[in-house]
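In: Requesting a structural model of the entry that follows:
(chains A and B)
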Amino acid sequence: MYWNKSYECMPREKLQELQLERLKRMVNRIYHDVPFYRNKFQEKGLMPEDVKSLEDLQKLPFTTKVDLRDNYPYGLFTVPLEQIVRIHASSGTTGKPTVVGYTRNDISMWSELMARCLVAAGAGPHSVIQNAYGYGLFTGGLGVHYGAERLGASIIPISGGNTAKQIMIMQDFGTTALTCTPSYAIYLADALKELGIDPETLKIKVGIFGAEPWSENIRKEIEKKLKIKAYDIYGLSEIMGPGVAIECECQDGLHVWEDHFIPEIIDPVTLKVLPYGEQGELVITTITKEGIPILRYRTRDITTIKPEPCACGRTHLKISRLQGRTDDMLIIRGVNVFPTQIESVLLEIGEVEPHYQLVVRRDGSLDTLEIKVELSEGLFSDRISNLEKLEKRIRDRIQSTIGVSSKVSLVEPKSLPRSEGKSQRVVDLRKI
Amino acid sequence: MIRQVSIFIENHEGRLNNILKILADNQINIRSLNIADATDFGIVRLILQETERGMEVLKKNEIITSITPVLAAEISDDPGGLSTLVDALTQAKINIVYAYSFLPKNTDNAIIIIRVDDENQNKAIETLENVQGVNLLDRETLLLK
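Out: Below you'll find the predicted structure:
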């Protein structure tokens, strides 16, 4: 099922023609309307006319979160405020938030892309969508909301948190689709189990989860616990919000809506564009946005572009599920470690429930990594030696796959913090 | 065969108390207790007066538990009483994984709880049944002691 077949399944050659035409128009606009971009072009000795092909994009300057912050709040807007109909902001971990503005057309485009995403994940006009993404400055809530209305589904704007109410509404309102973060989905599933509610008695069929990286095993866990199909959605406020990319029924990578965005993968150190299939930092250029068009935005998200055609019929390129963030990356004794790598190891060992926490300390001049893992019932043995063997097995596997030594500590179930939003999986106690 | 409740706990203050409180609040009597500790965690092994109800309330409180089959042997509370038992197992080449005392209320004899490897369970029973001065107890009898 498609929402907009002519665009979603557009032959690639035609799609690229459309991209180039839109890219040229976008570059022209930002050069003339935004001093920040004009200065950057001039520093590089570039003119908008230098963009003659899609490959020429590689010559253009990057935009970073720091650039957005430096131009706080409205410095990168290309239209006067009277044309902006909505303002969102992403929480700034340091200082000021990042502010984005949308024109009426931007909201319409976002709704269209979000509707495509909902349909790709199996929702339709008859769906009852329980939207447990937060409403407010965060783009998650309203992004899904407008897409669902465009689609003609019934949206329940419950927003995040209040688990008891979520469950009551899920039962009473006949929710068929759930949208929230994957960690909250697990939290909800566990809460259902505690209340003795069998998910089979609910009408929920699909879940669309995003706003934080998650693994294939977490997908399996959610699908098993909630008895649904779970789809990954990607987005970020700087680019638009949720709906930049979505998994289709093949559940093998997320289609990026290329008629509106151009994705690239770069090496985060050399900043060189990497060939398709190689893992690196995702860079996105918006080619239709009016309020705040963004050139080559460094997302800090680690992924790969999967160029092979998809069985679903959509022609837009796919990215693999996110492998982590360049700024989540821990450097432990000189080795780059992504929390998701550790997660994969834990899940490979398989019997361990994927609840863990990484604690990094500095002992003298040496970094130490402690991995706290919640023990599951299936793994419990009443012999100390078996549990110590399990700790050793995890430790050895981490050492051989990631190359860092660690201390593995088994902890009691539910003893690690569960956040209702993004999980807090890393505690860095190093004082440098 | 005796059903021992084994419980995983982290090795820090308050964790054992948490478990004991759950059992106390539910009026479940502990007949014997043994704690094995590693660096960061421990295993608490209990013989409960009401095993099933005990498991149920512990699970309800998210405590990781399992049932381990163990043997209970009544021996005379005299020098050499335990030695007779261990001697018989040694000669049968059966390794004792761990053992601890049970606290009887209604006998002057001593009762010892023994865990052997799963594959040696039956052999251990056969061996001990033939040792004079050792009385293997079944579940009901043990809990009456």
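In: residue contacts, A:Glu238?
Out: For A:Glu238, the contacting residues are A:65, A:68, A:90, A:98, A:100, A:294, A:297, A:299, by C-beta atoms under 8 Å, 6 or more residues apart in numbering or on different chains. In this view, the C-beta of every residue, glycine as well, is placed from N, C-alpha and C.
In: next one: B:Ile94
Out: B:116-117, B:120, B:123-124, B:127.
In: pretty sure it is in a strand, no?
Out: No. The secondary structure assignment for B:Ile94 gives coil rather than a strand, going by DSSP: H, G, I helix; E, B strand; the rest coil.
In: got the buried residues for the helix or strand hosting B:Thr90?
Out: Using DSSP states H and E, the element containing B:Thr90 is helix B:81-91. Using 16 or more other C-beta atoms under 10 Å in any protein chain shown as the test for burial, helix B:81-91 gives B:81-82, B:84-85, B:88-89.
In: likewise stretch A:211-231?
Out: Using 16+ other C-beta under 10 Å as the test for burial, stretch A:211-231 gives A:211-215, A:217-219, A:221-223, A:225-226, A:228-231.
In: how's chain A carved up into domains?
Out: Following automatic domain parsing, one finds the domains of chain A at A:1-327, A:330-428.
In: okay, those domains in a markdown table with mean pLDDT next?
Out: Compiled in a markdown table, the domains of chain A are given as follows (pLDDT from 0 to 100):
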| stretch | mean pLDDT |
| --- | --- |
| domain A:1-327 | 94 |
| domain A:330-428 | 82 |
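In: and the ones you listed, which is most packed in?
Out: Among those, the stretch with the highest mean neighbour count (mean count of other C-beta atoms under 10 Å in any protein chain shown) is domain A:1-327, at a mean of 19.
In: can you give me the offset of that domain from its chain's centre?
Out: 7 Å (C-alpha atoms, centre = their mean, to the nearest Å).
In: ok now the helix holding B:Thr90, how far from the chain's centre?
Out: In terms of C-alpha atoms, centre = their mean, the centre of helix B:81-91 is set 18 Å apart from its chain centre.
In: which residues touch that helix?
Out: Here helix B:81-91 makes contact (C-beta under 8 Å, 6+ apart) with B:73, B:75, B:96, B:110, B:112, B:114, B:116, B:124, B:127-128, B:130-134.
In: List buried residues within those residues.
Out: Among those, those buried by neighbour count (16+ other C-beta under 10 Å) are B:73, B:75, B:96, B:110, B:112, B:114, B:116, B:124, B:127-128, B:131, B:134.
In: Make CSV from those residues and add distance to A:Glu8, secondary structure and pLDDT to it.
Out: Converted to CSV, the buried ones among the contacts of helix B:81-91 look like this (distance: C-beta to C-beta, whole Å; DSSP: H, G, I helix; E, B strand; the rest coil; pLDDT from 0 to 100):
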residue, distance to A:Glu8, secondary structure, pLDDT
B:Ala73, 74, strand, 93
B:Ile75, 79, strand, 92
B:Ile96, 68, strand, 93
B:Ala110, 78, strand, 92
B:Ile112, 73, strand, 94
B:Ile114, 69, strand, 94
B:Val116, 65, strand, 93
B:Ala124, 68, helix, 92
B:Thr127, 73, helix, 92
B:Leu128, 74, helix, 91
B:Val131, 79, coil, 88
B:Val134, 78, strand, 90
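In: quick one: which of the residues you listed is nearest A:Tyr37?
Out: B:Val116 (76.5 Å; C-beta to C-beta).
In: State the next helix or strand along the chain beyond the helix holding B:Thr90.
Out: Sequence-wise, the next helix or strand downstream of helix B:81-91 (DSSP H and E) is strand B:96-102.
In: partners of that next one, with directions?
Out: Strand B:96-102 sits in its sheet next to strand B:110-116 (antiparallel), going by DSSP bridges.
In: Helix B:81-91 and the partner strand, what's the angle between them?
Out: Strand B:110-116 runs at 20 degrees relative to helix B:81-91, counting by axes from the mean of the first three to the mean of the last three C-alpha atoms, to 10 degrees.
In: Those residues of chain B touching chain A, which are they?
Out: For chain B, the contact set with chain A under C-beta under 8 Å from any C-beta of the partner chain comprises B:4, B:6, B:8-10, B:15, B:36-38, B:40-41, B:43, B:45, B:62-66, B:68, B:97, B:115.
In: sorry, back to before: could you identify the most distant pair in the contacts of A:Glu238?
Out: Top of the distance list for those (C-beta to C-beta): A:Val100 and A:Thr299, 14.0 Å.
In: Leaving out sequence neighbours, find the closest residue to the residue of chain A found nearest chain B.
Out: Closest residue of chain A to chain B, C-beta to the nearest C-beta: A:Asp382 (3.4 Å). For A:Asp382, ignoring the flanking residues on the chain, the nearest one in space by C-beta to C-beta, 6 or more residues apart in numbering or on different chains is B:Ser6 at 3.4 Å.
In: Likewise for A:Tyr7?
Out: Leaving out its chain neighbours, the residue that sits closest to A:Tyr7 by C-beta to C-beta, 6+ apart is A:Asp259, at 5.3 Å.
In: Kindly report the same for B:Ala92.
Out: Closest residue to B:Ala92 apart from its sequence neighbours, by C-beta to C-beta, 6+ apart: B:Thr127 at 4.4 Å.
In: A:Val408 looks like it's in a strand, true?
Out: Yes. Assessed with three-state DSSP, A:Val408 lies in a strand.
In: so what's it bridging to?
Out: Note on A:Val408: beta-bridge partners A:Ile371, judged by DSSP bridges.
In: Show the contacting residues for it.
Out: By C-beta under 8 Å, 6+ apart, the contact list for A:Val408 reads A:370-371, A:373, A:391-392, A:394-395, A:398.
In: For those residues, could you give me JSON lines that also reports distance to A:Gln130?
Out: Below are the contacts of A:Val408 laid out as JSON lines (distance: C-beta to C-beta, whole Å):
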{"residue": "A:Glu370", "distance to A:Gln130": "37"}
{"residue": "A:Ile371", "distance to A:Gln130": "34"}
{"residue": "A:Val373", "distance to A:Gln130": "31"}
{"residue": "A:Glu391", "distance to A:Gln130": "40"}
{"residue": "A:Lys392", "distance to A:Gln130": "43"}
{"residue": "A:Ile394", "distance to A:Gln130": "36"}
{"residue": "A:Arg395", "distance to A:Gln130": "41"}
{"residue": "A:Ile398", "distance to A:Gln130": "38"}
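In: Among those residues, which lie within strands?
Out: A:370-371, A:373 (DSSP state E).
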